[in-house]
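[1] here is a sequence with its predicted model. Questions after.
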Amino acid sequence: WRDWLKRLASLFRMTQQLMDGICMLTKDVFEVKETAETFFAEVLADYPRKELEALFQAYSDHLADGKAEGGPEEFAAEMRGLVGEAIDRCRQLLSPEAAGYTVSDLLVGSAPPSGPQAFSLLGCTLHYLREQFKEVMAEINSEAGPTLRLRAVDPTEAFVDRHLKRALRMLSQADVAWRSVHGYVEQQSAAEFANSKLLARKAQEGLHESQAGFQALVREHLDEILAQTSSAMEASLTAHRSSVDFEDDADVSSTTHSCDELLRLVRKAHAEATESLPPSRLHHFTQRLARALHDTVLLQISRSTFGPIGALRLKQDIQAYRTALRAWEMAEELERFDILSEHVSLFIVAKESLPSLIESEQLDPRIVGEFILLRKDYKQELSQDRELQAFLESLRSAAN
């Protein structure tokens, strides 16, 4: 279609020049002013649809030929060039009014679009980026999952270095590509629709809707990246945790190896995000990363039992996590770890002091019930303490 449209425009231009020459020679004896338009009327009646089909065909060819390997920025540049050529043809082949409507469809699309052939420049770009995100995440899901299950593999190297970096780089490239296309459409709309309030309003609506669609797409992709990061964090704990991490002879002056490795992964993931994401998205990524860290630590706690010494070492780990969050200025997530540290005291105090600790610190009854079961003396002593069991039951009832 693209070559055909180029030949059509060239033939139309030559025909117009021929008619202009005849007018000059005959001194307007013949009414030939509209002859070119009349001669091409049948072809031009279907012309706008052909421009849209040509744009869609170019998009399809781009993917089918593997040109997508060039990346989003190259794709956006190619599509802008195609639409620029189409706009020039519209000005040449159509009346100003007809050209305006066709250019509008090329830039922002019809509302609602009748199918893939109605893809505009904004629509093609958004669809392309969605497909690229899907492809990247599908590859990461298929490669990272089995790799992270191998205990001999370092999760930080296997995930952050090989996969997270690629996913975030794709996001950064998509952002640049989208801004270039969105800015181009905005600029062209202002120039082409200055005399049409209807088309100008349609362009603004299309720009707004497509921008919202892109932001939703980015958020969806970020959430997928974060889900994979959370899996890598769990894999890190599995790979590096030891059965003696929280034993009674543990070194309470140091953090566990699993904590050190988990923080190495988390900090490296955050550093990659800082390099690739704008501030607003970095905040979202950091907030979700901090929550995933909290959930991963809770998972680690649920898989262990604690005496006073092990609990003191766990507090060392929690303090290390708090230090990382403080550097990221995550106040809300920092508070979660503060609350977690307060509840870890349930593992430290003597059983006689549990009721007073729970009441004085106003601990969450739901967490209390779960943590009490993780005390090393629970099966031997606490489960037989009827007074304590009655107290815990009253807490559960109050929580419900």
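    Structure's in. What do you need? Predicted, not measured: the structure shown is a model, and the values here were computed from it. Numbers count the residues shown, from 1 in each chain.
[2] where along the stretch 101-250 of the chain do the helices fall?
    121-148, 155, 165-192, 197-240 (DSSP state H, counting those that start in this stretch).
[3] rank those by pLDDT, which is bottom?
    Lowest mean pLDDT of those: helix 155, a mean of 75.
[4] quick one: contacts of that helix?
    Contacts to helix 155, defined as CB atoms under 8 Å, 6 or more residues apart in numbering, come from residues 148, 232-233, 235-236, 239, 261, 265. (C-beta placed from N, C-alpha, C; glycine too.)
[5] need the buried ones from those selected in PyMOL.
    Listed next is the PyMOL selection for buried residues among the contacts of helix 155, using 16 or more other CB atoms under 10 Å:
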select buried, resi 148+232+233+235+236+239+261+265
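[6] now, which of the contacts of helix 155 sits nearest Arg169?
    Ala232 (17.1 Å; CB to CB).
[7] is it true that that closest one touches Phe159?
    Yes: the criterion here is CB atoms under 8 Å, and Ala232 meets it with Phe159 at 3.8 Å.
[8] from the contacts of helix 155, which two are the most distant?
    Leu148 and Glu261 (13.2 Å).
[9] in TSV: the helices of the stretch 101-250 of the chain, plus distance to Ser10.
    Shown next, in TSV, are the helices of the stretch 101-250 of the chain (distance: least, CB to CB, whole Å):
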stretch	distance to Ser10
helix 121-148	23
helix 155	59
helix 165-192	23
helix 197-240	28
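[10] among the ones you listed, show me which one is buried the most.
    Scoring the helices of the stretch 101-250 of the chain by mean neighbour count under mean count of other CB atoms under 10 Å gives helix 155 as the most buried, with a mean of 25.
[11] could you measure from the closest residue to Glu381 other than its chain neighbours over to Leu312?
    Among residues not flanking Glu381 along the chain, Lys351 sits closest, at 6.2 Å (CB to CB, 6 or more residues apart in numbering). For Lys351, the distance to Leu312 (CB to CB, to the nearest Å) stands at 17 Å.
[12] between those two, which has more neighbouring residues?
    Leu312 (18 against 15; other CB atoms under 10 Å).
[13] let's see the pLDDT reported for the more buried one.
    95.
[14] how much space separates it from Val344?
    Relative to Val344, and taking CB to CB, Leu312 is found at 9 Å.
[15] Glu220 now?
    36 Å.
[16] cool, and Glu359?
    Distance from Glu359 to Val344, by CB to CB: 17 Å.
[17] of the two, which one has the most company?
    Val344 (20 against 11).
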